[in-house]
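Undergrad: Next one to model:
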Amino acid sequence: MKAGPVTVRQLLENRQRFCVPIYQRHYVWARDKQWEPFWNDIRTKAIERLNGRDRRFSHFMGAVVLEARGSVSSRQVTSFQVVDGQQRMTTFQLYLAAARDYARQAGFEDTVGLIEGYLFNEKQHLMEDADVEKFKVWPTEYDRNLFQDIILIGRPELRKKYQDHFYKGRDKIYEYSTVPKLLGAYGYFFERIKHAVESDDLEDDFAESIEIDEDDDNASTSSEENVCDRTSMELRLDALWEALIEEFKVVEITLEEGDDAQVIFETLNERGEPLLAADLVRNNIFQRADARQEKAEKLFDKYWKDFEDPFWSALEKQGRYKKARIEFFLANFIAGKVAGEVTLSKLFSEYKAFIKIQDSNPNDGYPTVEAELQDLSAYGMLYRKLLEHDDNNPLGHFANLLHPWEVTTVYPLVLRLWSSEMEERHKAECLSILLNFIVRRAICGLTTKNYNKFFLSVLRCLDTKGFSKENLASFLIAQTSDSARMPTDTEFESAWISAQMYATRLTPLRVKAVLESIERTKRQKFHETDQLSPHLSVEHILPSQWQEHWPLSDGEISTNEEIFQAIFATDENETRIGQIVRRKRLLNTFGNLTLLTTPLNSSMSNGPFIKKREALNEHSLLVLNREIANEEIWSEEQIEERGKKLFETARSLWPYPQLETVDAQP
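TA: Modelled structure (predicted):
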């Protein structure tokens, strides 16, 4: 390894190319964290140059790690692969392109020629492929077309080609957060350079270096003042672009044969933009592909390119972690493959350990990097279907039903189930069994603690016994601990009819999901569609504030004193206090809950049942509400009776597994 500090001029002045490997991340620097500090540093150095100050030290911009690439032909420009530092090198080019385009716009053609010496390699007629080799920096394919346009075609043509990103009738790019990062950086630097050159932005301590004779006739000096202004502008512009190439340094690290580029890559971060674990995983994969001569670029295009889609970089929250989707995918992928826990904060180390296991297992491991990428790509497509929640796809439909219950720890098991060799209908049946398990346990008030470990234990069982509906059901039914058992119909019914659900055992969102599933089931018999309004909310038929309009069995309204006494009572009996205790318990059970649109819910509020019944008859099309509207009165007896009827639908929706090879449940 050779390492040493070099100025940006020394880095860019030679006839050589810096190629960013296709598998490295695209340009991600942004205004607040990188462009603005970079510009402020340049501005400070430009002021120093204009004032002729003694410049005691250069500005350090971090490391650029390069790996030499041998030329196929003597005519080819010497090229280096950028192992690390592509963000800063791309930024240097965007800044210089902005300075050049301003120089051209201002008519400083000599400056244009000087700057282009740091953007393009000379002697293009001697190159084997001038369209490629003329560029000093060659970015990833993701950024390549836009980068070439910024460097090559000039601002007027750039504005025409990307007019959707420019203000109409103005030579200004939209807010930088709304346009592609490359174009945003270029636009930001162009505006800063223009402002600095055409104003006194650089003159905090800048005494004008070109003096005008005070005795000159004012009327005759207008042309001289113009010359003075243009000269001052050119001085400012030169200070701004020369500050970068002369005053900014990087540590250039050139790897020699035998140096491990991956080790270097893993230990370095971009300026203020830490590498994602997924970046390290991607680099590791394609470094290994390169080492095995497996044509990394072709493998990238075929298997990894889809992971560069913005879908995968979107942030999501699972548990206490908020990370890019691709990181959650990789964690679920590894956990599913090894049937073991994965530490998300150590994701890259987990992936390396996983590959080490694969490499040590010649029978079941990956024979090639391509086989590894095929597996990642296939699982990635399945994971995306889970996240996209498309009801027309079995995985998306399952994910929609699972969403309110927030049990993403089942994903590794789901991915392996769907990747198995079972028939698709059997895979769908397995997903239904898992959903039934989750819903039944939630309604019965059983814990979700250690679900991650439990679902991995299910996976280990299936790995041993084989992936089948029978083996899955047998394992679930065999569990006896409260942390893992499948509730029986008896327990399920008792909880359904008697336990307080709304905002007590279940969140309103989960209660809504349960009632929507029941409504859809009921609609299948009587309606042309099972589609429901997205604006439904949960309504209590007997309202939470029932005291004013809902008398007890004797027809008398409860007193405040009785309501207070019932807070501390537990017995349900025929006394007025006992009736209140029973009413308060049944209030949040499924028998007393239904669905309404939000406006109807608000209008019904705490009114008497006769008013609610009229509103339901007039405005609601839901089967659930038609059934309620058929009742003459609404008392505790109606609530319990309706709960029992709803349970029959619930038992068919989330059934206990019944298999010939499994003993019937108690």
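
Undergrad: buried residues in the top helix by length along the chain?
TA: Longest helix in the chain by number of residues, with DSSP state H as the criterion: helix 222-247. When neighbours are counted by 16 or more other CB atoms under 10 Å, the buried residues of helix 222-247 are found to be 232-247. C-betas here are computed from N, CA, C, even on glycine.

Undergrad: Which neighbouring elements make contact with the very next helix or strand once past that helix?
TA: Counting by DSSP states H and E, the next helix or strand C-terminal to helix 222-247 is strand 248-255. For strand 248-255, the packing partners by 3 or more CB pairs under 8 Å, 6 or more residues apart in numbering; DSSP states H and E come out as strand 2-7, helix 8-12, helix 36-51, strand 59-69, helix 261-267.

Undergrad: partner strands of the helix or strand just after the fourth one, parallel or antiparallel?
TA: Translated: strand 59-69. Proceeding C-terminally, strand 59-69 gives way to strand 78-84 as the next helix or strand, assigned by DSSP H and E. Partner strands and pairing direction for strand 78-84 (DSSP bridges) are strand 16-19 (parallel), strand 59-69 (antiparallel).

Undergrad: Which of these has the lowest mean pLDDT?
TA: Per-segment mean pLDDT for those reaches its minimum on strand 59-69, at a mean of 85.

Undergrad: What are the buried residues along it?
TA: Within strand 59-69, the residues that qualify as buried by neighbour count (16+ other CB under 10 Å) are 59, 61, 63-67.

Undergrad: ok, now stretch 620-637?
TA: Going by neighbour count (16+ other CB under 10 Å), the buried part of stretch 620-637 is 620, 622-625, 628, 634-636.

Undergrad: one step back: pick the most deeply packed of the helices and strands packed on strand 248-255.
TA: Mean neighbour counts were taken over the helices and strands packed on strand 248-255 using mean count of other CB atoms under 10 Å, and the top value, a mean of 20, falls to helix 8-12.

Undergrad: for it, what is the average pLDDT?
TA: For helix 8-12, the mean per-residue pLDDT is 94.

Undergrad: What would that helix look like as CSV? C-alpha coordinates only.
TA: Taking C-alpha atoms only, helix 8-12 is exported to CSV below (Å, rounded to 0.1, in the frame of the first residue of the first chain):
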residue,chain,number,x,y,z
VAL,A,8,-6.9,18.0,-5.7
ARG,A,9,-4.7,19.4,-8.5
GLN,A,10,-2.2,16.5,-8.2
LEU,A,11,-5.1,14.0,-8.1
LEU,A,12,-6.8,15.3,-11.2
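
Undergrad: So what touches it?
TA: Around helix 8-12, the neighbours that count as contacts under CB atoms under 8 Å, 6 or more residues apart in numbering are 61, 64, 89, 92, 118, 136, 244-246, 248-250, 252.

Undergrad: The same query, at a cut-off of 6 Å, please.
TA: 92, 118, 136, 244-245, 248 (CB atoms under 6 Å, 6 or more residues apart in numbering).

Undergrad: cool, stretch 157-166 as well?
TA: Here stretch 157-166 has contacts from 173-174, 179, 183, using CB under 6 Å, 6+ apart.
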